[in-house]
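Colleague: Output the structure for:
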Amino acid sequence: MASNIQISDDGDSSPEKFNAQNEGLREWFEEYMSIDANKLGSDHHIFEAVDSDELDEDSFEQRISNLAATPILGRFCIKCQELFDNWPTLGNSSTREHDSKPGSEGGWEHTAVRPCNSFELEASTRVGCKFCAFLIQRLKDRKLIELFRKIENRLLLLGESSISFLSIQNWGANPTQLLWLNLPGKICTSNNAGTAPRLRFVSHFLPLSVDCHEKSSDVFSTANDWLSHCIEKHEACKSNSHENLPTRLICVAEESPRLVFTADYQERLRYAALSHSWGSHRAIVLTSENIGQLTREISMKVLPKTFKDAIKITQKLGIDYLWIDSLCIIQNDDHDWQEESALMSSVYGGSSITIAASSARDSTEGCFLEAPNFSGGLRVRINDGGRQRVQDFLCHEEYNYSTLEAHLGTRAWALQEKILPLRTVHFGDRGAFWECRSLIASEFFPDGFRDKFVKPLVCRTGMLEWKWHQIVKLYSAANLTYGKDKLPALSGIAKSEFDEHDDQYLAGMWREKIEEQLCWGLTENNASERPLWRAPSWSWTSIDGQVAWPESYHGSLNIRYAHVVDAGTTPYGHNPFGQVIDGFIRLACSTMAVGHIVHTETFDEAGYEDATAILLDVRGQKKTFPCCLDCLDDVDQNYARPIYLVPVIGGKGGSFMFGSKGEIIHQLYVFGIVLRNTNSVMAAYIRIGSFCFRKYSADWKELEFREPFLQALEEQGLATAETACSEILSNVEPPDHRYLITIL
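Modeller: Numbering: from 1, shown residues only. Got it, this is the predicted structure:
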């Protein structure tokens with residue numbers, strides 16, 4: 001296949017030039033054009049040759065500059081304005097209203113319009129076309145801009161058309177359409193085929209009275225409108241006046257900011273809180289040595305850009321006080337740090353607003369990082385068959401792009417800084433983004449998004465909007481500079497959850513559903529070396545990496561092979577939701593198996609490719625079972641010692657399929673934990689992993705792990721449990737949960 005293809009600086013695409021460069025390019029082109037676009041995903045093998053192509057950026061910039069004279073009419077280039085003035089009628093789209101209910105008429109009609117290429121879109125974006133900016137941003141967000149340009153390059157060298165078309169498809173009979181850019185020279189006819197799922201975005205039919213926000217608005221005015229409207233109108237966002245004030249705040253109402261002690265004020269101070277990433281740059285921090293100076297004045301000259309921007313935003317919002325962690329907590333005083341970090345629930349929950357520097361990687365980058373000509377969506381007046389309406393154009397991923405997937409969203413401390421506040425305004429490279437308990441909006445849709453397509457991060461007290469397993473999955477995937485902060489950085493959310501449910505908190509887990517949560521496991525092959533001790537081995541906070549656990553609901557996973565009799569942790573300091581110095585769980589088991597690790601065994605079955613093999617006896621024969629070990633060094637450190645597999649929960653999963661006679665076939669599971677003996681305490685164990693053995697139909701053949709494991713338990717489970725336990729219980733419920741072990 002052709003490789004290292006470049007477009008020449010002079011744009012020469014003559015046959016002689018092409019033949020000298022690569023005669024195999026024509027073969028590639030013929031294969032590319034022969035493939036049905038609906039079967040041409042971005043991972044198709046045809047693109048393997050394209051990956052190695054080199055892009056001449058100078059040549060691309062020259063082409064874009066040559067096109068930059070494209071006329072702009074108001075907010076749009078001539079081609080986009082012409083599209084909006086002559087919007088294609090698909091089925092009965094011209095007669096559908098914004099409030100039309102889906103009926104029997106209309107369907108998935110499709111057309112392709114607006115021929116373009118990435119050069120033209122970029123050129124029009126740079127001179128101000130909002131729709132071209134939105135289209136080019138979709139290519140960038142989905143990491144397909146380079147693929148498009150390389151294909152365009154090849155087509156230009158061949159003298160072929162490098163045009164891409166914009167597809168429009170009715171979303172069934174709804175007053176909504178789906179749109180996507182097609183690969184150069186190709187057209188997908190379905191939004192679920194080819195590259196369309198990666199590039200599609202949505203457009204709703206709206207009444208003509210809807211504001212298209214055609215006049216640009218100052219971002220501070222927009223943020224002020226959000227805040228004042230939320231305070232005045234949103235019942236769900238009423239202030240948590242019962243929250244304790246932070247010990248210290250920064251007064252920004254005077255000529256120079258200064259540190260103040262809230263205990264010196266009789267009235268409740270209204271303040272903003274900053275959520276930011278410290279990064280590798282170490283800005284000025286509060287210490288026991290400079291606290292006196294900072295109470296007199298904090299010089300603006302020594303403040304990094306993010307702090308200066310946060311002060312400016314706070315002032316523009318009419319708020320006199322600001323909380324910044326590094327300037328309001330004494331950083332070289334462990335006692336103060338422990339005391340103040342325990343107040344995170346109150347600090348963020350009691351703030352009038354949280355300002356999130358979403359894209360800044362450290363405190364030097366600031367809040368205002370929006371790229372020139374960026375578009376996060378828009379509303380447009382269109383003409384469809386002589387009838388006018390407003391349509392919006394937006395992507396459902398915009399919330400994630402602006403919050404969870406922004407740099408700040410990768411920082412573990414920042415999760416509680418988003419979940420706990422009543423309201424947050426994000427400033428980043430995608431503009432300003434607002435979220436509160438009642439509204440999600442952006443500077444591109446300042447009155448909010450029409451669809452409830454996102455779940456806001458803000459904690460909805462009493463509404464159970466976020467479940468603990470969802471929080472843990474997000475949090476455990478985020479990054480921490482210091483591993484010892486694993487529990488403190490979650491303590492604010494844990495405190496809020498405790499206030500809501502009054503359950504026993506156990507180092508990142510809850511007593512009520514502790515059996516399910518004990519079965520946590522890494523979500524993918526992301527194991528790392530076991531870190532220094534910071535939590536009991538049975539807690540997911542003891543290791544690094546994203547974790548999840550099975551959830552039981554509606555009668556699923558209703559078999560209990562074991563239950564927790566007693567559990568506890570000892571906190572470090574006064575915060576019951578922060579660091580711990582030890583912990584235990586006493587587990588009453590009905591059965592357990594013993595085996596040992598096999599280094600050389602691997603598994604081909606789906607979902608078990610990265611598992612560690614543990615050898616058990618099954619009916620007199622040795623059989624290996626796939627288990628997920630928590631840390632990379634667990635294999636070598638436990639190779640020669642007995643390993644125990646303890647089933648905890650099981651039963652039907654949430655998925656099922658129909659058999660040949662129409663009968664329902666449920667997936668069946670056994671979830672459990674992998675243990676080893678401690679070196680010091682008799683009949684006490686350390687968790688080193690987890691397992692999930694399932695029985696289900698795949699091409700009507702069962703994976704043989706669940707049933708053989710149950711057979712192994714039937715043969716050796718009781719004897720193993722009796723030998724391994726510290727106590728055999730009597731008069732216990734369930735009666736077979738007799739064998740007591742301790743996990744540290």
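Colleague: can you count the residues close to Asn731?
Modeller: 6 (other Cβ atoms under 10 Å). No exception for glycine: its C-beta is placed from N, CA and C like everyone else's.
Colleague: Over to Gly545: give its phi and psi.
Modeller: Main-chain dihedrals, Gly545, degrees, to the nearest 10: phi 120, psi 150.
Colleague: you'd agree it is up against Trp520?
Modeller: No: at 10.5 Å, Gly545 does not count as touching Trp520 under the criterion of Cβ atoms under 8 Å.
Colleague: neighbour-wise, which of those two wins?
Modeller: Higher neighbour count among Gly545 and Trp520: Trp520, with 27 against 17, using other Cβ under 10 Å.
Colleague: Do you know the pLDDT at the more buried one?
Modeller: Trp520 carries a pLDDT value of 96.
Colleague: Tell me who's in contact with it.
Modeller: Val472, Trp540, Val547, Ala548, Trp549, Ser690 (Cβ atoms under 8 Å, 6 or more residues apart in numbering).
Colleague: quick one: which of the residues you listed is most hemmed in?
Modeller: Trp540 (26 neighbours).
Colleague: where in the stretch 151-300 of the chain is pLDDT low?
Modeller: Along the stretch 151-300 of the chain, the parts satisfying pLDDT under 70 run over 240-242.
Colleague: Helices of that one, residue ranges please.
Modeller: Shown for the stretch 151-300 of the chain, the helices assigned by DSSP state H, counting those that start in this stretch span residues 196-199, 219-233, 291-296.
Colleague: ok, back up a step: reformat the contacts of Trp520 into a markdown table and put distance to Glu663 and pLDDT next to each item.
Modeller: As requested, the contacts of Trp520 are exported to a markdown table (distance: Cβ to Cβ, whole Å; pLDDT from 0 to 100):
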| residue | distance to Glu663 | pLDDT |
| --- | --- | --- |
| Val472 | 36 | 93 |
| Trp540 | 38 | 97 |
| Val547 | 35 | 94 |
| Ala548 | 30 | 91 |
| Trp549 | 30 | 90 |
| Ser690 | 31 | 93 |
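Colleague: Between the residues you listed, which sits nearest Leu25?
Modeller: Ala548 (46.3 Å; Cβ to Cβ).
Colleague: if I look at the nearest residue to Asn224 once chain neighbours are set aside, how far off is Ala310?
Modeller: Leaving out its chain neighbours, the residue that sits closest to Asn224 by Cβ to Cβ, 6 or more residues apart in numbering is Leu317, at 6.0 Å. Between Leu317 and Ala310 the computed distance is 11 Å (Cβ to Cβ, to the nearest Å).
Colleague: the more surrounded of these two?
Modeller: Between Leu317 and Ala310, counted using other Cβ under 10 Å, the more crowded position is Ala310 (29 against 19).
Colleague: Run through the residues that contact that one.
Modeller: Counting by Cβ under 8 Å, 6+ apart, Ala310 makes contact with Ala272, Leu274, His276, Leu322, Ile324, Ile355, Ala357, Cys367.
Colleague: ok, 6 Å please
Modeller: Leu274, Ile355 (Cβ atoms under 6 Å, 6 or more residues apart in numbering).
Colleague: part of a helix, is it?
Modeller: Yes: when DSSP: H, G, I helix; E, B strand; the rest coil is applied, Ala310 is found to be in a helix.
Colleague: Closest to Ser190 out of the contacts of Trp520?
Modeller: With Cβ to Cβ as the yardstick, the closest approach to Ser190 among the contacts of Trp520 comes from Ala548, at 32.4 Å.
Colleague: In the protein, which strand is the longest?
Modeller: The longest strand of the chain (DSSP state E) is strand 643-658.
Colleague: Give the pairing partners of it; include direction for each.
Modeller: Counting by DSSP bridges, the strands paired with strand 643-658 are strand 559-560 (antiparallel), strand 593-598 (antiparallel), strand 664-677 (antiparallel).
Colleague: Please dump these into TSV; it should also carry mean pLDDT, distance to Pro488 and mean neighbour count for every row.
Modeller: Below are the strands paired with strand 643-658 laid out as TSV (pLDDT from 0 to 100; distance: least, Cβ to Cβ, whole Å; neighbours: other Cβ atoms under 10 Å):
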stretch	mean pLDDT	distance to Pro488	mean neighbour count
strand 559-560	92	33	17
strand 593-598	89	34	20
strand 664-677	88	26	21
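Colleague: Of these, which is nearest Ile291?
Modeller: strand 664-677 (47.2 Å).
Colleague: which is the next helix or strand following the closest one?
Modeller: strand 684-695 (DSSP states H and E).
Colleague: Just the angle for that next one relative to strand 593-598, thanks.
Modeller: In terms of direction (axes from the mean of the first three to the mean of the last three Cα atoms, to 10 degrees), strand 684-695 departs from strand 593-598 by 90 degrees.
Colleague: Parallel or antiparallel, which strands does strand 684-695 pair with?
Modeller: In the sheet, strand 684-695 lines up with strand 621-629 (antiparallel), strand 664-677 (antiparallel), strand 739-743 (parallel) (DSSP bridges).
Colleague: Could you dump those into TSV and include distance to Cys251?
Modeller: As requested, those are exported to TSV (distance: least, Cβ to Cβ, whole Å):
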stretch	distance to Cys251
strand 621-629	52
strand 664-677	52
strand 739-743	50
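Colleague: among the ones you listed, which is nearest Pro304?
Modeller: Of the strands paired with strand 684-695, the one closest to Pro304 (Cβ to Cβ) turns out to be strand 621-629, at 41.9 Å.
Colleague: So which bits of whatever helix or strand comes next after the closest one are buried?
Modeller: Next along the chain after strand 621-629, taking DSSP H and E as the criterion, comes helix 634-637. Neighbour counts over helix 634-637 (16 or more other Cβ atoms under 10 Å) mark Asp634, Val635 as buried.
Colleague: With stretch 679-694 instead?
Modeller: So, applying 16+ other Cβ under 10 Å, buried residues of stretch 679-694: Ala684, Tyr685, Ile686, Arg687, Ile688, Gly689, Ser690, Phe691, Cys692, Phe693, Arg694.
Colleague: least trustworthy position among those, going by pLDDT?
Modeller: Scoring the buried residues of stretch 679-694 by pLDDT puts Arg694 last, at 81.
Colleague: Quickly note the distance from that residue to Val219.
Modeller: Counting by Cβ to Cβ, the gap from Arg694 to Val219 is 51 Å.
Colleague: again, but for Arg96
Modeller: 35 Å.
Colleague: closest to Asn479 out of the strands paired with strand 643-658?
Modeller: strand 664-677 (26.3 Å).
Colleague: ok, back up a step: quick one: the longest strand of the chain to chain centroid distance?
Modeller: Centroid separation for strand 643-658 versus its chain: 27 Å, with Cα atoms, centre = their mean, to the nearest Å.
Colleague: out of the buried residues of stretch 679-694, which one sits closest to Thr189?
Modeller: Using Cβ to Cβ, the buried residues of stretch 679-694 come closest to Thr189 at Arg694, 37.9 Å.
Colleague: In space, what's closest to the closest one - neighbours in sequence excluded?
Modeller: Nearest to Arg694 is Tyr669, by Cβ to Cβ, 6+ apart, at 5.0 Å.
Colleague: What's opposite that neighbour in the beta bridge?
Modeller: Gly651, Arg694.
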